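Colleague: Sequence unavailable; structure follows:
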């Protein structure tokens with residue numbers, strides 16, 4: 001957490017948070033006793049879209065009552081956090097001041113922990129069930145543990161991970177090595193989760209619910225000879 005974000009939590013009249021680690025929740029509540037969790041809005045069988053809509057209303061209600069509200073989400077508040085973006089949009093539309101503070105995201109941690117430089121091959125970043133990737137560039141697939149889940153999930157489903165494998169098999173050899181990654185929530189005392197394996201073994205692997213899948217390039221990029229010549233680099 002950045003000092004700016006910590007300061008916002010300390011100063012707020014009310015904190016609403018959604019985190020995955022009990023220690024993180026305890027830390028937030030120590031920082032500001034006027035804190036409460038949004039996690040109770042999740043329920044088995046309840047559509048995620050409905051949960052998100054309720055979160056937005058929970059965030060806006062105290063704002064409308066004139067309170068200074070801070071929402072704290074795990075990871076980055078703007079990366080795969082629909083309620084964060086929607087609450088800010090609606091608050092501004094209603095005439096309230098609202099802003100999002102940047103944070104250290106899983107992608108930032110991934111670059112450091114795995115020693116990956118996005119400039120070497122390029123980097124494409126997609127939700128796990130979207131688009132056909134460029135196999136000459138590094139691929140980051142977010143949220144592989146909740147592929148196909150429209151509601152609450154407690155663990156990845158093997159059949160859904162198999163669908164990820166089938167999708168990747170359109171462009172990658174099944175023995176192509178991939179990396180299952182989850183950033184450490186406590187980097188000073190715990191290591192990140194890093195598992196390297198052929199992607200065809202993904203359905204049988206121990207995949208954390210919040211894992212990211214990193215797929216290295218399977219081929220070299222084609223050289224644009226015409227552009228190279230125009231730049232005088234040939």
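Modeller: Arrived safely. For clarity, every value in this text was computed on a predicted model and none was experimentally measured.
Colleague: wait, residue 202 sits on residue 179?
Modeller: No: using C-beta atoms under 8 Å, residue 202 makes no contact with residue 179, being 10.8 Å away. For every residue, glycine as well, the C-beta is placed using N, CA and C.
Colleague: Which neighbours do those two have in common?
Modeller: residue 213 (C-beta atoms under 8 Å, 6 or more residues apart in numbering).
Colleague: SS state for residue 71?
Modeller: Of the three states, residue 71 takes strand according to DSSP: H, G, I helix; E, B strand; the rest coil.
Colleague: list the contacts for it?
Modeller: Residue 71 makes contact with 15-18, 59, 77, 83-84, 87, according to C-beta under 8 Å, 6+ apart.
Colleague: Repeat that for residue 210.
Modeller: Applying C-beta under 8 Å, 6+ apart, the residues contacting residue 210 are 20, 143, 145, 182.
Colleague: Check what pLDDT it gets.
Modeller: Per-residue confidence (pLDDT) for residue 210: 86.
Colleague: Counting neighbours, what do you get for residue 159?
Modeller: The local packing of residue 159 (other C-beta atoms under 10 Å) involves 10 other residues.
Colleague: Please apply the same query to residue 173.
Modeller: 13.
Colleague: what does the one 4 residues further on give?
Modeller: Other residues near residue 177 come to 15 when the count uses other C-beta under 10 Å.
Colleague: Next, it: phi, psi?
Modeller: When read as degrees, to the nearest 10, the backbone of residue 177 gives phi -80, psi 130.
Colleague: got it, and residue 125?
Modeller: Dihedral angles for residue 125 - degrees, to the nearest 10 - are phi -130, psi 120.
Colleague: Relative to residue 91, how far out is it?
Modeller: 27 Å (C-beta to C-beta, to the nearest Å).
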